[in-house]
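*Asks:* could you look at this predicted model? Sequence included:
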Amino acid sequence: MTTTDNKVYGVTGSAGFLGSHLVDMLLARGGRVIGIDNLAYGRVENFAHHEGNPNFEFHKVDVCDAPATEALLRQCDVIIHLAAHKIPRYASALKTLEVNGQGAHNVLEAARKRHEDGLPVRVVLASTSDVYGKSPNLPFAESDNLVLGPSHVPRWAYATSKLYEEHLTFAYSDEYGFPTVLMRFFGSYGPRHHLSWWGGPQSVFISAILKGETISIHGDGLQTRTFTFVEDTVRGICACVDAQTEGCEVFNIGAASGEIAIVDFGRLVHRLTREAFPELDISAEAPLVFVPYASFSKRPYEDVRRRVPDITKSRDMLGFEAQVSLEEGLRRTIAWHRPALEQHMAQQGQAEG
Ligand SMILES: NC(=O)c1ccc[n+]([C@@H]2O[C@H](COP(=O)([O-])OP(=O)(O)OC[C@H]3O[C@@H](n4cnc5c(N)ncnc54)[C@H](O)[C@@H]3O)[C@@H](O)[C@H]2O)c1
């Protein structure tokens, strides 16, 4: 393994899905990593394999705690801000707005102070493909108009919080002159995804299939997504970390091919799970159940009908292109998911009994 990287990286959300894989990759290339997470959704198991590594330290800190966050991040040459409260499909829109707004502000303030101390700093922040909202221009390019739905639909709180983060980042780069990058991720999936809706549709679909339950498809299931295997997403993050960009740049980080309707995605996950575990008595037919949006949201819900990235800019400026096919990525995800689910259920059983 190369140990040529002498930078210090600050990773917020380091116990989460993308954060823990990013920590693996940064340590593998010889960097020093300071990880921050409040463990709201992350797990210490995600980075337990780095225990005793002198190049890694973990701090259980909330990014809304400005003094603690700044003290840690002011030591870092590159700050990668991934901590966030995600889409409020079931969860709180208030938390989404507060955590994402305050967290981004505290991270950028830490960078400003380091920059004003005359030290190098680069900030790479997670945004989302959700900011394209209902834009009819497919595939979505970074300079496109963003088309969000009305404010009385709480699902737009997430895109709004990330858009606030995007504008704040542009404003900090303009005012203070340090380089920043915004990454709009398109549906990343893979080992260590959260075992609930927080981890994405594949996560709940695999669990349901393994438990012999029905697969819940929200709405009519004809909404499409493109999915990106975590290994590719993290290569994309590293490309943003290493790019020699100035000012603030926005990049789509996602797979351009493989657009798939959620209902077909449910069927694909079912087939691959069945093929992976022939010893389990998994039904030949995918047991799909269509769940109306109104049944899980007190206020109106709107879904994005199609979501496909234009990857021209990330390919040309970062040299980044996703490589892992959806079937290959799902096979690797399903292989990880089964023991993780069994362990989770055993722990739940112990806690209850
Ligand atoms: N995974 C995707 O497909 C995807 C898509 C679009 C955008 N994103 C963005 O990428 C980033 C990482 O997403 P992920 O999928 O790894 O999610 P994740 O939930 O697995 O990771 C986020 C981490 O942030 C931590 N966190 C939450 N609130 C915090 C707080 N106040 N202080 C400190 N830590 C806090 C959580 O405990 C978790 O470990 C997020 O900003 C998310 O909005 C992800």
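*Replies:* Alright, I've got the coordinates. Residues are numbered from 1 along each chain as shown.
*Asks:* okay, CA-based contacts and neighbour counts for the rest of this
*Replies:* Will do.
*Asks:* so the residue nearest to Ala15 when sequence neighbours are not counted: helix, strand or coil?
*Replies:* Nearest residue to Ala15, sequence neighbours excluded (CA to CA, 6 or more residues apart in numbering): Gly42, at 4.4 Å. Three-state call for Gly42 (DSSP: H, G, I helix; E, B strand; the rest coil): coil.
*Asks:* what residue ranges in the stretch 151-300 of the chain score low on pLDDT?
*Replies:* Of all residues in the stretch 151-300 of the chain, none has pLDDT under 70.
*Asks:* quick one: the helices in it, in order.
*Replies:* 156-176, 201-210, 230-242, 262-276 (DSSP state H, counting those that start in this stretch).
*Asks:* can you spell out which helices and strands pack onto the first one?
*Replies:* Secondary structure elements in contact with helix 156-176, counted by 3 or more CA pairs under 8 Å, 6 or more residues apart in numbering; DSSP states H and E, are helix 93-116, strand 122-128, strand 180-185, strand 248-253.
*Asks:* for the residue nearest to Ala15, give me its contacts.
*Replies:* Gly13, Ser14, Ala15, Gly16, Phe17 (CA atoms under 8 Å, 6 or more residues apart in numbering).
*Asks:* which one of those residues has the most neighbours?
*Replies:* Ser14 (33 neighbours; other CA atoms under 10 Å).
*Asks:* doesn't it lie inside a strand?
*Replies:* No - Ser14: not assigned to a strand; according to three-state DSSP it is coil.
*Asks:* thinking again about what came up before, include mean neighbour count and distance to Glu259 when you put the helices and strands packed on helix 156-176 into a markdown table, please.
*Replies:* Converted to a markdown table, the helices and strands packed on helix 156-176 look like this (neighbours: other CA atoms under 10 Å; distance: least, CA to CA, whole Å):
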| stretch | mean neighbour count | distance to Glu259 |
| --- | --- | --- |
| helix 93-116 | 21 | 27 |
| strand 122-128 | 25 | 17 |
| strand 180-185 | 25 | 15 |
| strand 248-253 | 25 | 15 |
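*Asks:* how about JSON lines for those, with distance to Gly30 added?
*Replies:* Shown next, in JSON lines, are these (distance: least, CA to CA, whole Å):
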{"stretch": "helix 93-116", "distance to Gly30": "22"}
{"stretch": "strand 122-128", "distance to Gly30": "18"}
{"stretch": "strand 180-185", "distance to Gly30": "22"}
{"stretch": "strand 248-253", "distance to Gly30": "24"}
